[in-house]
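Trainee: Quick one, structure for this:
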Amino acid sequence: MKVHFIAIGGSAMHNLALALAHKGYEVTGSDDVIFEPSKSRLAAQGLLPETFGWNPERIHEGLDAIILGMHAKADNPELAKAQELGLKIYSYPEFLYEQSKFKTRVVIGGSHGKTTITSMILHVLQYNDIAVDYMVGAQLEGFDRMVHLTEENDFIVLEGDEYLSSALDRRPKFHLYQPNIALLSGIAWDHINVFPTYENYEEQFKLFIESIVKGGSITYNTEDEAVKNLVEQSEHTIRKFAYATPEHTIMNGVTYLDTPEGEVPIEVFGKHNLNNIAGAKWICQQLGVDEADFYEAIASFSGASKRLEKIAEGKSTLLFKDFAHSPSKVTATSKAVKQQYPNKKLIGCLELHTYSSLNAEFLKEYKGSLDAVDEALVFYSPKALQIKGLPPVAPEDIEKAISHPNIKVFTTPESLHEALFGLEFDNSVLLMMSSGNYGGLDLNVLGEKLSSF
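Mentor: Residues are numbered from 1 along each chain as shown. Have a look, this model is predicted:
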C-alpha cells in the first residue's frame, strides 16, 4: 500500500509513518519544516523528504491514501491536488480507526492523565508479555516508537486526544475511534481557541461516551465531578467501572501502594499519578492481567517522557520537568511534588505559551494553581501574543491572575535564565512546567549546577 503524509514531521504523524513503514507500506511525506527528533528518526528510515515545502507533483494517482496532519492548512497545495485527483484522504485518527476496525479498541481519554495512563497500561502489558497495537503521545522506555500497528494483534490501545483531527475534519480525534473499552480521567477546560466555552468543551466528552460501542465499557474517575456526572447520567448501554485514588503511604520520599500483597513501592508519585494507576489497573484487568501481576509490573514504571521527569539530583536538591501547562495540570503537579518533599523549598517555574494560557480571559483559570510552591517564576513572551494575534498581556495581569505572594514574571529568555541560574538551591526542589522550552533553556546545564548542592 502506498501512503503519502502531508505534514509528516509532527510528533504523532512521523511515528505513524515509521509504524507503517515497519509494517511494509510504501511511505512518502512532505512538510515545510521538521524539527528534532522527528527529523533524525525519519532520516534513519529513509523517510525524510529530500526538500522541505509543499510540492503538488508528489501527489499522483498511484497513491492508495493521503494522511493529512493537523499542521497542514485547508489550502495546502498538495491537499488540493489530492482532492482534484479524488484520492482517499484520511485524518490521523481516521486512519488509525481504519487500521483497527476489526480489533478491540481501548481508548484512554481525559483532559489530563491520558498519556500517563496509556503509558502505564502499555508498560504493564509489555511486562506481562501481552502483545497489543498502540498509539501513545510520549516516548516510552523500552518502546521503539509511539505507534505500533500489526495485522495479528487483537487489541489496540489508543490515547484519545480531544483536539481537532485535521483542517478538513473538525471533530475531536477521540470521537473517531469508537472504543470497545474506554477510560475517562478528568475534564478541565482547555483548547479555548477551539472550544470557547466550558459547556462546549464538556460536550465533547459526552459525545465520546456516546461513541463507545454498545455493550462496551467506560472506566471513570469518580473523584472528578464532571466525569462522574456525565458517565452516571448517560443512558448509553455500556458497563460502568468507577475508580478512585488508592490507599498509600509516603516514607522518606518514596510512595508505597497499599495492596492485598502488602506495600508496593512505586517510582512515580503524586495523588494524580496514584489516581492514574487505579484507572490503568481497571483497564489492564479487562485485558486479562490479574491484580497481583499488575502491581508487580507497575512498581517498575518510571513515567512517560516529560511527565514529572527527574532531570537531576544533588545531595539536597532535585530538578523535575513536567509537561504541565493547563491550570489543572499545574495545580496537580505542584501539589504532588510538595507532598512528596514537604521539608524542601519548592520553586515552581511555569511557562505560559499556548493559545489558552496567553488568553487574557482564560488567565483567571490559573488562580491558585501555584499555591503549593514557595517561590513562583512565570515566563511568557510578548512576541508569542503577537504571533497568535492575541491582545497584549502585562506581567501585572499574570501576577493578579495567579495570585501568589512570592511571584516573579519574566518576559525575556535572558532574564528568566539569569534568575534561574542565580537561585539558592540548597535543600530545594525546582519544578519546571511547560510544553515549550523556556526560550531555549538547556535543562541539562541547569541540572549540573543544581546537582552541586
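Trainee: and the residue nearest to residue 34 when sequence neighbours are not counted, how many residues sit next to it?
Mentor: The shortest distance from residue 34 to any residue other than its chain neighbours is 3.4 Å, reached at residue 9 (CB to CB, 6 or more residues apart in numbering). No exception for glycine: its C-beta is placed from N, CA and C like everyone else's. Around residue 9 sit 23 other residues, with neighbours defined as other CB atoms under 10 Å.
Trainee: Which residue ranges of the stretch 301-450 of the chain form strands?
Mentor: Using DSSP state E, counting those that start in this stretch, the strands assigned to the stretch 301-450 of the chain run over residues 309-313, 318-322, 345-351, 375-379, 407-410, 428-433.
Trainee: Could you dump the ones you listed into a markdown table with mean neighbour count, distance to residue 4 and mean pLDDT added?
Mentor: Shown next, in a markdown table, are these (neighbours: other CB atoms under 10 Å; distance: least, CB to CB, whole Å; pLDDT from 0 to 100):
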| stretch | mean neighbour count | distance to residue 4 | mean pLDDT |
| --- | --- | --- | --- |
| strand 309-313 | 16 | 35 | 90 |
| strand 318-322 | 23 | 35 | 93 |
| strand 345-351 | 24 | 35 | 96 |
| strand 375-379 | 23 | 39 | 96 |
| strand 407-410 | 20 | 43 | 96 |
| strand 428-433 | 25 | 37 | 96 |
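Trainee: For stretch 255-269, which outside residues touch it?
Mentor: When contacts are defined by CB atoms under 8 Å, 6 or more residues apart in numbering, stretch 255-269 is touched by residues 246-250, 254, 274, 277, 291-292, 295, 298-303, 308, 336, 339-340.
Trainee: Now do the phi/psi pair for the residue nearest to residue 34.
Mentor: phi -80, psi -10 (degrees, to the nearest 10).
Trainee: Longest helix in this structure, please.
Mentor: With DSSP state H setting the assignment, residue counts place helix 271-286 as the longest helix in the chain.
Trainee: gap between it and the chain center?
Mentor: A distance of 16 Å separates the C-alpha centroid of helix 271-286 from that of its chain, computed with CA atoms, centre = their mean, to the nearest Å.
Trainee: name the helices or strands packed onto it?
Mentor: With contacts taken as 3 or more CB pairs under 8 Å, 6 or more residues apart in numbering; DSSP states H and E, helix 271-286 sits against strand 104-109, helix 114-127, strand 181-184, strand 217-221, strand 239-243, strand 254-259, helix 291-298, helix 327-340.
Trainee: circling back: shouldn't the residue nearest to residue 34 be in contact with residue 36?
Mentor: No. Using CB atoms under 8 Å, residue 9 is not in contact with residue 36; the gap is 10.1 Å.
Trainee: what sits against the residue nearest to the spatial centre of the chain?
Mentor: Most central residue of the chain, judged by C-alpha distance to the mean C-alpha position with CA atoms, centre = their mean, is residue 115 at 4.6 Å. Contact analysis of residue 115 by CB under 8 Å, 6+ apart lists 136-138, 159, 304, 307, 323.
Trainee: Same check on residue 249?
Mentor: With contacts defined as CB under 8 Å, 6+ apart, the neighbours of residue 249 are 255-256, 258, 263.
Trainee: Any chance of the backbone angles for the residue nearest to residue 367 when sequence neighbours are not counted?
Mentor: In space, not counting the residues next to it along the chain, residue 367 is nearest to residue 403; the distance is 5.3 Å by CB to CB, 6+ apart. Summarising the backbone geometry of residue 403 under the convention degrees, to the nearest 10, its torsions are phi 60, psi 60.
Trainee: what's around residue 403, how many residues?
Mentor: Neighbour count for residue 403, taken as other CB under 10 Å: 14.
Trainee: Check whether it really touches residue 368, as I assumed.
Mentor: Yes. In terms of CB under 8 Å, residue 403 counts as a neighbour of residue 368; the distance is 6.7 Å.
Trainee: secondary structure class for residue 5?
Mentor: Put simply, residue 5 is strand when judged by DSSP: H, G, I helix; E, B strand; the rest coil.
Trainee: roughly how far apart are it and residue 134?
Mentor: Note on residue 5: its distance to residue 134, by CB to CB, to the nearest Å, is 19 Å.
Trainee: between these two, who's got more neighbours?
Mentor: Residue environment comparison for residue 5 versus residue 134 gives the larger neighbour count to residue 5, 29 against 26, counting by other CB under 10 Å.
Trainee: partner residues bridging the more buried one?
Mentor: Listed beta-bridge partners, residue 5: residue 29, residue 67 (assigned using DSSP bridges).
Trainee: That one and residue 322: what is the separation?
Mentor: Here the criterion is CB to CB. By it, residue 5 lies 30 Å from residue 322.
Trainee: Equivalent analysis for residue 107, please.
Mentor: Plainly put, residue 107 is 24 Å away from residue 322 if you go by CB to CB.
Trainee: Could you do residue 412 as well?
Mentor: As defined by CB to CB, residue 412 lies at a distance of 23 Å from residue 322.
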